[in-house]
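Enquirer: Sharing a model prediction with you, sequence too.
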Amino acid sequence: MVERAAAIVGGGVIGGGWAARFLLMGWEVRVFDPDPEAERKINEVLANARRSLPGLSDVALPVEGRLSFHETMSSAVDGVSWIQESVPERLELKRKVYQTLQEHCRHDAVIGSSTSGFKPSELQGCAARPGQIVVTHPFNPVYLLPLVELVPSAQTDPAIVQSAKEILTSIGMHPLLVRAEIDAHIADRFLEAVWREALWLIKDGIATTQEIDDAIRYGFGLRWAQMGLFETYRIAGGEAGMRHFIEQFGPCLEWPWTKLMDVPELTDELIDKVADQSDTQSGQYTIRELERARDDNLVTILRGLKAQDWGAGKLLNAQDRRVEGAVRLPDDVSQPIVTVARAVPLDWTDYNGHMNEARYLQAFGDATDRMMALVGCDAAYIATGGSYFTAETHIRHLDEVHAGAQIRVETQVLSGAGKKMHLFHRMFEGERELATGEHMLIHVSLETRRASEPAAAVATTLARVAAAHAALPVPDGAGKAVGVR
């Protein structure tokens, strides 16, 4: 039995995304797909995931799991706790897959389907253990977008639903429990409505594919990305809120604004029109270039939401806390303390292709914040009215670092007596030293905004670390000024 092992049955775009999500969250991943190109395709998806997903986290992710490819479904699912079916949307094929894998998998393993349309009761039709099967419908790219529609049927075992929720949450996803079976679940019903209306706008010559995309990405798409539909409309109602919005705009629902109740026939002429416009819009890019642009944009948006602790960003912050665990000073403080361990995000790079100089300061600032918290100057302490302010900073840039690099910062306390905290940070990628940051901080009363003595508990802990670090060699570069060698 392997608790943190997942089998991916079907290694296309969605299956590859699932494989990347589990693998980069530390799970063993086993893939079954008869396509001779499956390994190449999944490794290409993994390459994109490795350069983007770790940058969403401000802490080190778990050690990447082991990936293997299997010639039989039985060997792929043997002993695993999660099975993700992502085969083509043909009901007979999916049912046949379930019959085969249930002959070989654990009875308590979650069998999740990526289906975007079928209801779980339809999938369970010929299953030996229907209670084991549940819909877990993700969104592309699975390794970045957190939403999973979790849809049980009346036959689904509640223990399977609970297990699915816990596992999905543990890998940084948001399981949205759909309480009643419905065709296309929840999110795809919205997408289908927008898709139908868009086809009419193209067919009637009112808008092109690019103009429709512009209407979404420059307008309501940005609002939806962080507040969704109803919270956005609540704001539109002003101080009176949602009730006023409905009273004001509700009558519009009776106006002939939409053709949602009518579907244009997908004639060859309409298909050609859509395809030609799409080629004009995006045909200059390969699919991999579009995927990387999509991932870069998503990381930037998600990290912006993370800084505000809002929407999907709040979910990412919660996942960081789960991965990192409790913040505590190590028992052995005789060596420099690791205060940052993380990947360099995509949006930290500049026009030279390496980490922007301002991000070195951010990384060292994060290391300082962590050192403060480790000696007791954490959020709870700051709320009592005391904190450390940085008085002086000196950064040396020794080597370049690129997006996706796994960096760590080791911090040495040069002094920690009275009101002063003198820190020296060294940034590494592996054993390669990238930069150093020297910081002098002064303890301040937040009430008077003047220098003050720290509380006894903070002063004692800081002094203990400083005394232990005094035995270490003075780091190269400490006390240097710009231009002085």
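Expert: Everything's here; your move.
Enquirer: Between the two ends of stretch 393-407, how far is it?
Expert: 20 Å (Cα to Cα, to the nearest Å).
Enquirer: what's the average pLDDT for that stretch?
Expert: Taken as a whole, stretch 393-407 has a mean pLDDT of 93.
Enquirer: One more: stretch 280-291?
Expert: Here the average pLDDT along stretch 280-291 is 86.
Enquirer: where are the low-confidence patches of the stretch 351-485 of the chain?
Expert: 484-485 (pLDDT under 70).
Enquirer: in it, which spans are strands?
Expert: 386-397, 406-415, 420-429, 432-445, 450-451 (DSSP state E, counting those that start in this stretch).
Enquirer: now for those, which one comes closest to residue 276?
Expert: strand 406-415 (44.3 Å; Cβ to Cβ). Glycine gets a C-beta too; all of them are placed from N, C-alpha and C.
Enquirer: for that closest one, packing partners?
Expert: Packing partners of strand 406-415 (3 or more Cβ pairs under 8 Å, 6 or more residues apart in numbering; DSSP states H and E): strand 337-343, helix 357-374, strand 420-429, helix 456-469.
Enquirer: Could you name the helices and strands sitting against the first one?
Expert: Which is strand 337-343. Using 3+ Cβ pairs under 8 Å, 6+ apart, the elements in contact with strand 337-343 are helix 357-374, strand 406-415.
Enquirer: Can you list the neighbours in contact with that strand?
Expert: Defining contact as Cβ atoms under 8 Å, 6 or more residues apart in numbering, one finds that strand 337-343 is touched by 54-55, 57-61, 329-330, 363, 366-368, 370-371, 374, 404-412, 425, 427, 465.
Enquirer: Listing partners with orientation, what would you give for that strand?
Expert: Paired with strand 337-343 in the same sheet, following DSSP bridges, are strand 406-415 (antiparallel).
Enquirer: So which bits of the partner strand are buried?
Expert: Under the neighbour-count criterion of 16 or more other Cβ atoms under 10 Å, strand 406-415 has 407, 408, 409, 410, 411, 412, 413, 414 buried.
Enquirer: Now do the same contact list for the fifth one.
Expert: Spelled out, it's residue 411. Taking Cβ under 8 Å, 6+ apart, we find residue 411 in contact with 336, 337, 338, 339, 367, 368, 370, 371, 423, 424, 425, 426.
Enquirer: For the nearest residue to residue 343 once chain neighbours are set aside, which residues are in contact?
Expert: Distances taken as Cβ to Cβ, 6 or more residues apart in numbering put residue 54 closest to residue 343, at 3.3 Å, once the chain neighbours are dropped. By Cβ under 8 Å, 6+ apart, residue 54 lies in contact with 24, 61, 342, 343, 404, 406.
Enquirer: change it to 10 Å
Expert: 24, 60-61, 64, 299, 342-346, 403-406 (Cβ atoms under 10 Å, 6 or more residues apart in numbering).
Enquirer: Quick one: buried ones out of the contacts of strand 337-343?
Expert: Buried subset of those (neighbour count, 16+ other Cβ under 10 Å): 54-55, 57-61, 363, 366-368, 370-371, 374, 404-405, 407-412, 425, 427, 465.
Enquirer: just the helices in the stretch 151-300 of the chain please.
Expert: Under the criterion DSSP state H, counting those that start in this stretch, the stretch 151-300 of the chain carries helices at the ranges 158-170, 187-203, 209-215, 221-227, 230-236, 241-249, 268-282, 287-307.
Enquirer: in the stretch 201-350 of the chain, which segments are predicted with low confidence?
Expert: Using pLDDT under 70, the stretch 201-350 of the chain drops low at 249-250, 252-261.
Enquirer: how does it look with 90?
Expert: 217-268, 270-294, 296-298, 310-312, 324-327, 346-347, 349-350 (pLDDT under 90).
Enquirer: Report how many residues lie close to residue 274.
Expert: By other Cβ atoms under 10 Å, 17 other residues sit near residue 274.
Enquirer: Quick check: closest non-adjacent residue to it.
Expert: For residue 274, ignoring the flanking residues on the chain, the nearest one in space by Cβ to Cβ, 6+ apart is residue 202 at 5.8 Å.
Enquirer: now swap in residue 95 and tell me
Expert: residue 126 (4.6 Å).
Enquirer: my guess is the one you found contacts residue 93, does it?
Expert: No. Assessed by Cβ atoms under 10 Å, residue 126 is found out of contact with residue 93, at 11.7 Å.
Enquirer: Tell me the secondary structure of the nearest residue to residue 305 once chain neighbours are set aside, please.
Expert: The shortest distance from residue 305 to any residue other than its chain neighbours is 3.1 Å, reached at residue 313 (Cβ to Cβ, 6+ apart). Three-state call for residue 313 (DSSP: H, G, I helix; E, B strand; the rest coil): helix.
Enquirer: got the contact list for residue 269?
Expert: Contacts of residue 269 by Cβ under 10 Å, 6+ apart are residue 203.
Enquirer: what do you get for residue 312?
Expert: Contacts of residue 312 by Cβ under 10 Å, 6+ apart are 56, 144-147, 174, 225-226, 298, 301-302, 305-306.
Enquirer: Can you tell me which of those is nearest residue 44?
Expert: The closest of these, once distances to residue 44 are taken by Cβ to Cβ, is residue 144, at 15.5 Å.
Enquirer: For residue 198, see how far away that closest one is.
Expert: 24 Å (Cβ to Cβ, to the nearest Å).
Enquirer: These two: which is more packed in?
Expert: Between residue 144 and residue 198, residue 144 has the larger neighbour count (other Cβ under 10 Å), namely 23 against 17.
Enquirer: ok so, going back, any chance of CSV for the helices of the stretch 151-300 of the chain, columns distance to residue 439?
Expert: As requested, these are exported to CSV (distance: least, Cβ to Cβ, whole Å):
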stretch, distance to residue 439
helix 158-170, 36
helix 187-203, 46
helix 209-215, 45
helix 221-227, 34
helix 230-236, 40
helix 241-249, 46
helix 268-282, 46
helix 287-307, 22
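Enquirer: picking that back up, can you give me the neighbour number for the residue nearest to residue 305?
Expert: By other Cβ under 10 Å, the residues close to residue 313 number 19.
Enquirer: what residues are up against the closest residue to residue 328 other than its chain neighbours?
Expert: Distances taken as Cβ to Cβ, 6+ apart put residue 374 closest to residue 328, at 7.3 Å, once the chain neighbours are dropped. Taking Cβ under 10 Å, 6+ apart, we find residue 374 in contact with 327, 328, 329, 330, 333, 337, 339, 411, 461, 462, 465.
Enquirer: Same check on residue 291?
Expert: Counted by Cβ under 10 Å, 6+ apart, residue 291 has contacts 13, 44, 45, 47, 48, 52, 140, 141, 285.
Enquirer: Sort out for me which of these are in helices.
Expert: 13, 44, 45, 47, 48, 52 (DSSP state H).
Enquirer: and the last one, how far is that from residue 404?
Expert: When Cβ to Cβ is applied, the distance between residue 52 and residue 404 equals 8 Å.
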